[in-house]
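> Sequence and predicted structure, then a few things I'm wondering about:
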Amino acid sequence: MTTTPIENPTEPGTPAEGQADPTMPIVEASHASVQASDTTFADYGVRPEIVDALAGAGITAPFPIQAMTLPVALSGHDIIGQAKTGTGKTLGFGVPLLHRVVAPGEDGYDELPAPGKPQALVVAPTRELAVQVAGDLTMASSLRSVRIVQIYGGRAYEPQIEAINRGVEVVVGTPGRMIDLLQQGHLDLSYVKCVVLDEADEMLDLGFLPDVEKLLARTPASRHTMLFSATMPGAIVAMARRYMTQPTHIRANDPEDSGATVKNIRQVVYRAHALDKVEVLARILQSEGRGLSIVFARTKRTAAKVADDLAERGFAAASLHGDLGQGAREQALRAFRNGKVDVLVATDVAARGIDVDDVTHVINYQCPEDEKVYLHRTGRTGRAGNKGTAVTFVDWDDVPRWGLIDKALSLGHPEPVETYSSSPHLYSELGIPEGTKGRLPASSRTRAGLGAEVLEDLGETGKKVGAGRDGDRGGRGGAGGRGGADSRGGSSGRGGADSRGGAGGRSGAGRDGAGRDGAGRDGAGRDERAERDGADGGRTRTRNRRRGGASGERTEGQEHASVASSAGSSTVTSSGNPGGAVSSPSAHAAGSSSAGSASGGSTSGSGESGEGGSASRNRRRRRRRRSAGDPTTATTPSQD
């Protein structure tokens, strides 16, 4: 391992992506030069508790990036670390960070300026990566009393705030939630001694760099900063210049693995038809020796659909994408790590942060966007020296895009082979037994499935009550779903209040709840409808009004019905009884003008049709006066 300082130019230029900054010293080493003497973590002067904790997890010898990082980081120099995915970068910064932290009960803790305030900060671009980093740090500090708190979105604020108030040494999280707690005054970074930016290029892609700079601005200028990134875009280099002090750029290279991808990963590319992909995928998942597998999709909808299709075919599959609540996301990851499901269908949210050693297959169900996404997807397998297989499906429309990826990474597959579920080379190349079909045999369905993993109640924020289809967004019949609250059949849905069927709506308080017309679809609603028709005329009144306008004549019984209903009386009328009962003279008086407007006024649409003429109108006036029982009442032509 050698350090090559390069003279700083007076006006340094921004290096191209993937190149080193000429103002930074560069440390380069090969696998052989670093591990020639079979060094261990103890040889670098790491705390014995950390060494013992790592040995208890079966980790004794450092990987190249770790062996190169430790001496520089332990001496307090700022670092930019660059290595292929899956080569152990987490412990490369985790061990030096934990070595510098003073935990409660250890020498020097009481002498700290502010015991219980964060001493180290780790910023990650995704929640899954933050969870993984926190887990690795917890494992490495298991023999010490270091308090590590995870801070990221999707969880309730209160438990995180309480953990910070109780005291914390290491904070691991995502930029957004950290900024929130910082602005609320709960997170104090004034005493941070070490800052780590993990997957800095991904934070750049997600637009988090402004938030990261806000966090760095709230930490002391004397902090120790370590930045790890698979690539080095110009914006990352510019940030390093502003917030790092003479950083050392470390790159770990294996002379036997000079390609862009890890040599332990076998690359297979097929040109597959969209309608046949699931069939091909189902056969690949039955190949010999397959362990845990990750299927990557470009969209959330595709990820959910593929997971459902595989579950219907008998596979223990779970989906992981941004539309899921945090509890469901963590449930899927735990089930995958614990082996309860062996197929995880995910979007690129899982391309960074899933570190499971025994992932044997990564399948790109849809072509990645670019070569960087391809590297991070396929890097989920072949980790920690294990071997893996990466299979990529390329649609006809994606052939040009794949050509650019292949050229950038020199994969040697510029023209993918056209492949179907019945293609013989599919079976021979991937070790699929002959006669394998698209459904998993019942004898092979040995996994417990996603339902066997507990779904934690995280007090999730930022989502509707019961959000999620069939669980995460509330389900068809749950709160928030199609039939839940704010939905079709709930308190605010199609059959609920404040909606199409709300109070006074189509279905009252529910499609089969308070009734189609007030009190139940088959309950008291129909009786209430009858009463309503008697009280305000209902549809019969409207029909009769139209008929009166068309023919200019109604029966006396209908006139009585109009008078009675407009008066709001509880009179029982009969269209065939000219002497229909009425309740009071006041009702007749109140009904005369209403009936007149309904009957006499309707002639305007049809002119003098039917009996027509003034004689007909006079006869109708006399009938109304007789029915009202008030001979003095007169109706002038102008009132009609």
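In hand now; what should we look at?
> Is residue 251 in a helix, a strand, or coil?
Per DSSP: H, G, I helix; E, B strand; the rest coil, the local secondary structure of residue 251 is strand.
> could you measure residue 163 against residue 335, distance?
Using Cβ to Cβ, to the nearest Å, residue 163 is found at 25 Å from residue 335. Any C-beta I mention is one placed from the backbone N, CA and C, and that applies to glycine too.
> Between these two, point out the one with more neighbours.
For residue 163 and residue 335, the more surrounded residue by other Cβ atoms under 10 Å is residue 335, and the numbers stand at 24 against 16.
> so what's the more buried one closest to, chain neighbours aside?
With sequence-adjacent residues excluded and distances taken as Cβ to Cβ, 6 or more residues apart in numbering, residue 335 is closest to residue 453, at 3.8 Å.
> what's the pLDDT at the one you found?
As predicted, residue 453 sits at a pLDDT of 93.
> And residue 271, its phi and psi?
Main-chain dihedrals, residue 271, degrees, to the nearest 10: phi -90, psi 110.
> Show me what it bridges to in the sheet.
residue 394, residue 418 (DSSP bridges).
> Neighbours of it, how many?
Using other Cβ under 10 Å as the criterion, the residues surrounding residue 271 number 18.
> Quick one: residues contacting it.
393-396, 399, 416-419 (Cβ atoms under 8 Å, 6 or more residues apart in numbering).
> For residue 175, give its distance to residue 367.
29 Å.
> again with residue 221
For residue 221, the distance to residue 367 - Cβ to Cβ - is 45 Å.
> So if I had to pick from the two, which one is more boxed in?
Neighbour tally, residue 221 and residue 367, criterion other Cβ under 10 Å: the higher count belongs to residue 367, 21 against 8.
> Run a quick check on the more buried one versus residue 392, I expect a contact.
Yes - contact criterion Cβ atoms under 8 Å: residue 367 and residue 392 qualify, at 6.7 Å.
> do you know how far the closest residue in space to residue 116 that isn't next to it in sequence is from residue 109?
Ranked by Cβ to Cβ, 6+ apart and with sequence neighbours excluded, the top spatial neighbour of residue 116 is residue 167, at 3.2 Å. Applying Cβ to Cβ, the value for residue 167 to residue 109 is 10 Å.
> quick one: common contacting residues for those two?
Common neighbours of residue 167 and residue 109 (Cβ under 8 Å, 6+ apart) are residue 115.
> just for the stretch 501-640 of the chain, where's the confidence low?
501-613, 629-640 (pLDDT under 70).
> which residues in the stretch 201-350 of the chain form strands?
Residue ranges of the strands in the stretch 201-350 of the chain, as given by DSSP state E, counting those that start in this stretch, are 224-228, 248-253, 265-272, 292-296, 317-320, 343-346.
> weakest of those strands in terms of mean pLDDT?
strand 248-253 (a mean of 84).
> That one to strand 224-228, inter-axis angle?
Comparing the axes of strand 248-253 and strand 224-228 via axes from the mean of the first three to the mean of the last three Cα atoms, to 10 degrees yields an angle of 30 degrees.
> other SSEs contacting strand 248-253?
With contacts taken as 3 or more Cβ pairs under 8 Å, 6 or more residues apart in numbering; DSSP states H and E, strand 248-253 sits against strand 26-30, helix 31-34, helix 64-74, strand 79-82.
> same question for the second one, mean pLDDT?
Translated: helix 31-34. 40.
> Offset the numbering so it begins at 5, please.
Understood, numbering begins at 5; the last thing we discussed is helix 35-38.
> Quick check: next helix or strand after it?
helix 52-60 (DSSP states H and E).
> quick one: contacts of that following helix?
So helix 52-60 is contacted by 44-46, 64, 95, 99, 102-103, 143-148 (Cβ under 8 Å, 6+ apart).
> how many neighbours does residue 325 have?
22.
> oh, I was asking about residue 286
20.
> Check whether residue 373 really touches residue 303, as I assumed.
No - counting by Cβ under 8 Å, residue 373 does not reach residue 303; the two are 11.5 Å apart.
> which residues of the stretch 55-204 of the chain fall in helices?
68-78, 93-104, 131-144, 161-170, 179-187, 204-209 (DSSP state H, counting those that start in this stretch).
> okay if I get these as CSV plus distance to residue 358 and mean pLDDT?
Formatted as CSV, the helices of the stretch 55-204 of the chain follow (distance: least, Cβ to Cβ, whole Å; pLDDT from 0 to 100):
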stretch, distance to residue 358, mean pLDDT
helix 68-78, 19, 91
helix 93-104, 12, 93
helix 131-144, 6, 93
helix 161-170, 23, 96
helix 179-187, 20, 95
helix 204-209, 14, 84
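> and of those, who's closest to residue 412?
helix 204-209 (15.2 Å; Cβ to Cβ).
> Contacts for the closest one next, please.
So helix 204-209 is contacted by 127, 129-130, 179, 201, 213, 216, 231-237, 239-240, 243, 356, 376, 380 (Cβ under 8 Å, 6+ apart).
> What's the ChimeraX syntax to select whichever of these are buried?
The buried subset of the contacts of helix 204-209, as determined by 16 or more other Cβ atoms under 10 Å, is captured in ChimeraX by this line:
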select :127,129,130,179,201,213,216,231,232,233,234,235,236,237,240,243,356,376,380
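> thinking again about what came up before, can you check which residues contact both of residue 371 and residue 396?
residue 406.
> Residue 88 contacts residue 266, correct?
Yes - Residue 88 lies in contact with residue 266 (Cβ under 8 Å); the separation is 5.7 Å.
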